[in-house]
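1. give the three-dimensional model of this entry:
(2 chains)
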Amino acid sequence: MSLLEVNNLRTSFHTRNGVVRAVNDVSFRVERGETLGIVGESGSGKSVTCYSLLGLIPQPPGRIEGGRAIFDGVDLLNCPKETLRNIRGRRIGMIFQDPMTSLNPYMTIENQLIEPLLIHQKIDRAVAARLAVEALKDVGVPDAESRIRSYPHQFSGGMRQRVMIAMALITKPDLLIADEPTTALDVTVQAQILELINREQQERGVAVIYISHDLSVVAGFCNRVMVMYAGRVAETAETLPIFRDPKHPYTRALQRSRPALQPKGVELYTIPGLPPDLSKPIEGCSFAPRCEFAIDSCHVDATRLERVGHEHESSCLRVQREKLNLK
Amino acid sequence: MPEAFLELNDVKTHFPVERGIIFRRRVGTVKAVDGVTLALKKGEVLGLVGESGCGKSTLGRTILQLIPPTGGAVVLAGKNLAQIPPAELRTARADFQMIFQDPYASLNPRMTVFDAIAEAMQTHRKVPAEKMAEEVSSLLNKVGLASRYSRKYPHEFSGGQRQRIAIARALAVQPKLIVADEPVSALDVSIQAQIINLLAKLTREMHLTMIFISHDLSVVKHISDRIAVMYLGKIVELGPAAQVFERPLHPYTKALVSAVHLPDPELERQRQRIILAGDPPSPMNPPSGCAFHPRCPFAVGECANQTPRLETFRPVHEAACIRLREVNPS
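-> Numbering: from 1, shown residues only, chains lettered A, B, ... in the order given. Next up, the predicted model:
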């Protein structure tokens, strides 16, 4: 049985400008100890998907319209608040994008770190404090014994993100959700943090969902990748096939628009147009207006994620019907 | 060598750090830009790379005289901008324009696209009113927007479109030099490529000189002729873009290059990453000698004492490191 299995998750936001279908029929699973990368541009629904699982969507305006998310036998979307709180407190850790705003500026690092231990594991304060120092050392904060009494503003961005990681891992969770944990950091510090998450994942065997807008960040250390577009899953597969043999034109386009491997001076490959407005109903494939492979039926027929290869699913109608080769 | 179009000569921008409410005391100095010397040819694109706090944005703003330099000279087409009188500087501003990082903040929400672009034209070029509409729409077309958009307000556009408007506004005064400060970092991956292509096309067609500031080396490599790498207010490496990216000389550049992610899982896994220890140091209290030595994997004792200068290692490729030969064995 998978550690987490999400089926047909739908989350909408009811705004003045209409109903925004941020997550529309998303299904995926995470096995124990594996790393799943969720990739998509802003507004693709990657963060809302994970926030929905943890009950972090403000309701209203948000509303979880349907679906199930079975985490180790418990449906996160339909369980008592108390159960969800317990799972969030000790079994699922979360790292947010911006370490500047996700720590409480009024609390010392120590108090923030031990809070989940005191509440969820009923550990004695002195023992918890010792564990907190250990946790800080593990994530590479120098001088952990004295720095644990500092406040967040006394730390740099990279150090705060280390504290966040220590906090997320202190209850020894089974699943760690990292929502663009390096986007707000400097390039050389990004490399440190990625390395750290990678190491912790391997040493502890914790499953990781890594959310990113950049396909190339995910390339290095995720076992599987799920690409989202306009609130839906475009493609999901193991990492190597998704790069070598993409089965959705959007994945292919995302890969090609990165400048790193393109010869200098050549015009960069671009995806024309803009992502669709999710408050309007979309007919046919949501990527069709920007897709170079789209044919008439793509603008009309509804899409569904279907198996197109070994452990490989795509929602592209042409790949499903005619075995369109995108290599 | 043809005469340089833009010349920076030992440019310094220092900010005082003050304490106290009633009795302000000066307690230190942040040397945001500390002795930058550079020369750009007409039509050249220079990529300026570095982490936050390294002074790359301050340097960009100093060149445009948005921040007055503390010392040194900024010479544009033979005129030292740091010395000319304010009235003259104002007219000279038509020659150099800036594109900012955040197109959500750099456009006035109460002005239509037409007004924003026309204002710049009126101020500097005295375009007659009857020709204005034509000029604005041809500019919009140039940046890839339909001219019917000119009556809309910024909030009606996406980030990429707004950045196109910001580019159109910068071009409205027919500048010769553009400083683009992280123009694509706020945009989505698929939109970034569109804006990079647009900027590359415009600089080529209009023979613009551009300083392209970014923390993303792979983007900079693509658009620039040369790359300058900054660390703590100083240029530590300068050379042709492809060479800096493929065969970096300075240990810091090597680490930056190794932090670029490649959209290829096999290449990614084989790569040797250089992971630097620690954070970038505070510019208020920079380390002695080479500012990079506390984080440098190649540092020796001497690095803490000796301040390295840029030296030419390969033709037109220079770096500031006293151990260049040991770090780059031939």
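
2. tell me what the host helix or strand of residue B:166 is packed against?
-> Using DSSP states H and E, residue B:166 sits within helix B:159-171. The contact analysis (3 or more Cβ pairs under 8 Å, 6 or more residues apart in numbering or on different chains; DSSP states H and E) places helix B:159-171 against strand B:96-99, helix B:113-125, helix B:129-142, helix B:189-206. C-betas here are computed from N, CA, C, even on glycine.

3. check the offset of it from the chain's centre.
-> 17 Å (Cα atoms, centre = their mean, to the nearest Å).

4. out of the helices and strands packed on helix B:159-171, deepest packed?
-> Neighbour counts (mean count of other Cβ atoms under 10 Å in any protein chain shown) averaged over each of the helices and strands packed on helix B:159-171 peak at strand B:96-99, with a mean of 23.

5. helices and strands around that strand, which ones?
-> helix B:56-63, helix B:159-171, strand B:177-181.

6. thinking again about what came up before, render the CA-only coordinates of the helix holding residue B:166 in PDB, please.
-> Below are the C-alpha coordinates for helix B:159-171, written out as PDB (Å, rounded to 0.1, in the frame of the first residue of the first chain):
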ATOM      1  CA  GLY B 159       3.600  39.400 -15.600                       C
ATOM      2  CA  GLY B 160       5.200  38.700 -19.000                       C
ATOM      3  CA  GLN B 161       3.100  41.300 -20.700                       C
ATOM      4  CA  ARG B 162       3.800  43.900 -18.100                       C
ATOM      5  CA  GLN B 163       7.500  43.300 -18.500                       C
ATOM      6  CA  ARG B 164       7.000  43.900 -22.300                       C
ATOM      7  CA  ILE B 165       5.300  47.200 -21.400                       C
ATOM      8  CA  ALA B 166       8.200  48.200 -19.100                       C
ATOM      9  CA  ILE B 167      10.600  47.400 -22.000                       C
ATOM     10  CA  ALA B 168       8.500  49.500 -24.400                       C
ATOM     11  CA  ARG B 169       8.600  52.400 -21.900                       C
ATOM     12  CA  ALA B 170      12.400  52.200 -21.600                       C
ATOM     13  CA  LEU B 171      12.700  52.200 -25.300                       C
END
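
7. identify the residues contacting it?
-> If you take Cβ atoms under 8 Å, 6 or more residues apart in numbering or on different chains as the criterion, helix B:159-171 is touched by A:274, B:97-100, B:103-104, B:106-107, B:113, B:116-117, B:120, B:139-140, B:142-145, B:149, B:154, B:157, B:178, B:183-184, B:186-188, B:191, B:194-195, B:198-199, B:202, B:206.

8. okay, the helices and strands packed on helix B:159-171 in TSV with mean pLDDT next?
-> Putting the helices and strands packed on helix B:159-171 into TSV (pLDDT from 0 to 100) gives the following:
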stretch	mean pLDDT
strand B:96-99	93
helix B:113-125	88
helix B:129-142	89
helix B:189-206	88
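
9. and these: which comes nearest residue A:254?
-> helix B:189-206 (6.4 Å; Cβ to Cβ).

10. tell me which helix or strand comes right after that closest one.
-> Defined by DSSP H and E, the subsequent element after helix B:189-206 is strand B:209-214.

11. next, the angle helix B:189-206 makes with that following strand.
-> 160 degrees (axes from the mean of the first three to the mean of the last three Cα atoms, to 10 degrees).

12. can you show me the strands along chain B?
-> B:6-19, B:25-40, B:45-49, B:71-76, B:79-80, B:96-99, B:177-181, B:209-214, B:226-231, B:234-240, B:311-314, B:317-319 (DSSP state E).

13. got a markdown table for these, with distance to residue A:96 too?
-> Formatted as a markdown table, the strands of chain B follow (distance: least, Cβ to Cβ, whole Å):
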| stretch | distance to residue A:96 |
| --- | --- |
| strand B:6-19 | 31 |
| strand B:25-40 | 30 |
| strand B:45-49 | 27 |
| strand B:71-76 | 41 |
| strand B:79-80 | 48 |
| strand B:96-99 | 30 |
| strand B:177-181 | 27 |
| strand B:209-214 | 25 |
| strand B:226-231 | 29 |
| strand B:234-240 | 33 |
| strand B:311-314 | 43 |
| strand B:317-319 | 38 |
